[in-house]
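coordinates for the following, if possible.
(chains A and B)
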Amino acid sequence: MCGIVGIYLKNEGLHPELGRHLAAMLVEMSDRGPDSAGIAVYRDPVAATCCKLALHAVGDYDWVSLQTEMAAQLAADVQLGVVASHAVITVDEDVNAVQDWLRNKHPEVRIMSAGSSIEIYKEKGLPREFVQQFHLHELSGSHALGHTRMATESAVTTEHSHPFSTGMDLCLVHNGSLSNHNRLRRMLRDEGVDLQTDNDSEAAAGYLMWRMREGDSLQEALHRALDDLDGFYTFAIGTKDGFAVLRDPIACKPAVMAETDDWVAMASEFRAIAQLPGAADARVWEPAPATVYTWGH
Amino acid sequence: MTAFDLNTDSVRELNQSLHAVNADSGLTPVAVTNAGGRHCVAVGIDAELEVSIEGHVGYYCAGMNKLAEINIAGNAGPGVAENIMSGSVRVKGNASQYAGASGHGGTLIIEGDASSRCGISMKGVDIVVAGNVGHMSAFMAQKGRLVVCGDAGDFLGDSLYEAAIYVRGAVGALGADCIEKDMTAEHLASLADLLESTGVDAKADEFRRYGSARKLYNFNIDHADDY
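Next comes the predicted model:
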């Protein structure tokens, strides 16, 4: 069991409240996932010549030294923001060059997300603690996904937590368990997809990354996933412009969606959506099995 | 009228109060507001109570109900009226998966749609759905009636023991050992009674009847060598 939440704000006036609403939804899903929590928030898009990366390191990491070193060696402007165990850097440089530099020079730093507006934060522990550590209430943005994890397939660590990055400005959260993830992982590694853990959901994220690298649209990749992924899943996939939802054909794992004039939301259970303003009068429905739903602007 | 506001009263307080009620203590109707998707609202009642619930409910609302008449003015999460024994449960909106699962008796009315596995393993309950039902509905059903005024998803009545299934719209695919059967005068009368008593606006002669072919679980002497 895990909890998934997603919110997309149609009303720009609500953008400053994104983090507050996301926090309320996430905490409401604590019973479904007390092991770890994580979010992907889409906010403050950087200029076209820049890229934004969310990074994680263990312990009391010296982010300022990393910033200085990167700026000097890449001859680029590097902006740094630190929150709890994570840092967000904005670099005036090609995203691949920045990722290659980090992997070569600082393998101890884990890249959580990369793109122009996505920021992924995730950590072990109760959602309530996560919300406080990462000052979720202060976050503004257009849309966000969240996950509360009850581990079933692999260890409880930050790296095993959701969301998983699936490419530039893309991420995946998963409620369920895949049964063919070992074979999938071997195949993906042969295809050159960099998978860092033995987590089944990361394999699903890697699968989507691989399909889109091969030219599929997100929609096509998700339709293909219905054939290639074996197991139980409700997925929510964050994109630069919105989010998508997919449930497996058996659809044992719950999902509910709701929409008002101001927002679109999805969650494992309605009680998470009930935290949102106007939820009582929202149009509420259950996503059908094996059907791709997408929102965006 | 006894009132519970779930924004201030806990679900446990509500349920303990409902369990304490019996004919001697009086049967004052109960109104529950601000359900807010909470789980296990009004479960395990064993009294002829009227309970009205305002808002959407989470998992297992009205589970194990005996005698009570429960009205939910909203949608219901998974497992509404699971293992209902008697009485009635009415959902004004839609119901999520396995509505009325393993119900022994009483009536479950869903005025919207029900999703997958509606009436799974039902054991005598009557379920009337004004809209559609999802896949695997009436899976391994043993007794009772499932009435679907809209369409039914794939694998309807899969591995059916007994139970009667009536569908007015299209059926995606029939499950293993589930077949269409003749609508006899007896079945028409039974269905018309049920539609009338539940207040669902549909005519019995618009439905088709499905039931067990009785091949899956029955020993066939002609195949003795195969066993």
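
now do the strands in chain B.
Secondary structure of chain B (DSSP state E): strands located at B:2-5, B:30-33, B:50-54, B:69-73, B:88-91, B:107-110, B:123-129, B:143-148, B:164-167, B:178-181, B:208-212.

from chain A, how far off is B:Val32?
According to CB to the nearest CB, to the nearest Å, B:Val32 stands 14 Å off from chain A. Where C-beta positions appear, they are placed from N, C-alpha and C, glycine not excepted.

any chance of the strands of chain B in TSV, with mean neighbour count and mean pLDDT too?
Converted to TSV, the strands of chain B look like this (neighbours: other CB atoms under 10 Å in any protein chain shown; pLDDT from 0 to 100):
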stretch	mean neighbour count	mean pLDDT
strand B:2-5	15	97
strand B:30-33	20	98
strand B:50-54	20	98
strand B:69-73	22	98
strand B:88-91	25	98
strand B:107-110	27	98
strand B:123-129	25	98
strand B:143-148	24	98
strand B:164-167	26	98
strand B:178-181	17	97
strand B:208-212	20	97
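
include distance to A:Val292 when you put the ones you listed into JSON lines, please.
Compiled in JSON lines, the strands of chain B are given as follows (distance: least, CB to CB, whole Å):
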{"stretch": "strand B:2-5", "distance to A:Val292": "39"}
{"stretch": "strand B:30-33", "distance to A:Val292": "37"}
{"stretch": "strand B:50-54", "distance to A:Val292": "33"}
{"stretch": "strand B:69-73", "distance to A:Val292": "30"}
{"stretch": "strand B:88-91", "distance to A:Val292": "28"}
{"stretch": "strand B:107-110", "distance to A:Val292": "26"}
{"stretch": "strand B:123-129", "distance to A:Val292": "26"}
{"stretch": "strand B:143-148", "distance to A:Val292": "26"}
{"stretch": "strand B:164-167", "distance to A:Val292": "27"}
{"stretch": "strand B:178-181", "distance to A:Val292": "30"}
{"stretch": "strand B:208-212", "distance to A:Val292": "31"}
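
tell me the phi and psi of A:Val95?
phi -60, psi -40 (degrees, to the nearest 10).

where exactly do the strands run in the stretch 151-297 of chain A?
A:164-167, A:170-178, A:231-238, A:242-247, A:256-259, A:263-267, A:283-285, A:293-296 (DSSP state E, counting those that start in this stretch).

is the longest one anywhere near chain B?
No - no part of strand A:170-178 sits close enough to chain B to count as contact by CB under 8 Å from any CB of the partner chain; the gap is at least 13.3 Å.

quick one, what contacts A:Pro249?
Listed by CB atoms under 8 Å, 6 or more residues apart in numbering or on different chains, the contact partners of A:Pro249 are A:Leu226, A:Pro289, A:Ala290.

can you list contacts of the biggest helix by length in chain B?
Ordering each helix of chain B by length in residues (DSSP state H) puts helix B:185-198 first. For helix B:185-198, contacts defined as CB under 8 Å, 6+ apart pick out B:107, B:109, B:126, B:128, B:145, B:147, B:164, B:166, B:201-205, B:207, B:209.

quickly list the domain ranges of chain A.
As given by automatic domain parsing, the domain ranges for chain A are A:2-43+A:120-296, A:46-116.

could you find the closest non-adjacent residue to A:Leu22?
Nearest-residue entry for A:Leu22: A:Ala144, 4.8 Å, with adjacent residues in sequence omitted and distances by CB to CB, 6 or more residues apart in numbering or on different chains.

look up phi and psi at that neighbour.
Torsion angles, degrees, to the nearest 10, at A:Ala144: phi -160, psi 150.

quick one: it and chain B, what's the gap?
20 Å.

please look at that residue and A:Tyr42 and confirm they touch.
Yes - between A:Ala144 and A:Tyr42 there is a contact at 6.6 Å, judged by CB atoms under 8 Å.

so if I had to pick from the two, which one is more boxed in?
Between A:Ala144 and A:Tyr42, A:Ala144 has the larger neighbour count (other CB atoms under 10 Å in any protein chain shown), namely 29 against 25.

quick one: residues contacting the more buried one.
Counted by CB under 8 Å, 6+ apart, A:Ala144 has contacts A:Gly6, A:Ile7, A:Leu18, A:Gly19, A:Leu22, A:Ile39, A:Ala40, A:Val41, A:Tyr42, A:Gly238.

which helices and strands sit right next to whichever strand or helix holds the fourth one?
Counting by DSSP states H and E, the element that carries A:Gly19 is helix A:18-28. With contacts defined as 3 or more CB pairs under 8 Å, 6 or more residues apart in numbering or on different chains; DSSP states H and E, the secondary structure elements packing on helix A:18-28 are strand A:2-9, strand A:36-42, helix A:127-133, strand A:143-149, helix A:270-273.

given the longest one, what are its sheet partners and their directions?
Based on DSSP bridges, the pairing partners of strand A:2-9 within the sheet are strand A:143-149 (antiparallel), strand A:263-267 (antiparallel).

and the pLDDT for the residue nearest to A:Leu22?
If you check A:Ala144, the pLDDT there is 97.

show me what it is bridged to.
A:Ile7, A:Val41.

low pLDDT regions in chain B?
B:218-219, B:221, B:224, B:226-227 (pLDDT under 70).

now with 80?
Where chain B drops to pLDDT under 80, the residues are B:23, B:217-227.

equivalent analysis for the stretch 101-250 of chain A, please.
Applying pLDDT under 80 to the stretch 101-250 of chain A flags the ranges A:153.

near chain B, which residues of it?
Residues of the stretch 101-250 of chain A found near chain B (CB under 8 Å from any CB) are A:Ile250.

rewinding a little: nearest to B:Met183, out of the domains of chain A?
domain A:2-43+A:120-296 (29.5 Å; CB to CB).

okay, now that closest one: how far is its last residue from its first?
The straight-line separation of the ends of domain A:2-43+A:120-296 (CA to CA, to the nearest Å) is 25 Å.

how about stretch B:37-49?
End-to-end distance for stretch B:37-49, by CA to CA: 22 Å.

just say which of the domains of chain A is most tucked in.
Most buried of these, by mean neighbour count (mean count of other CB atoms under 10 Å in any protein chain shown): domain A:2-43+A:120-296, with a mean of 21.

pretty sure B:Met122 sits against B:Leu146.
Yes - using CB under 8 Å, B:Met122 makes contact with B:Leu146 at a distance of 6.8 Å.

for residue 206, list the residues it contacts.
You didn't say which chain, so I picked chain A. Contacts of A:Gly206 (CB under 8 Å, 6+ apart): A:Thr166, A:Leu184, A:Arg185, A:Leu188, A:Val193, A:Asp194, A:Leu195.

you answered for a different chain; I wanted chain B.
Contacts here follow CB under 8 Å, 6+ apart; on that basis B:Glu206 touches B:Arg168.
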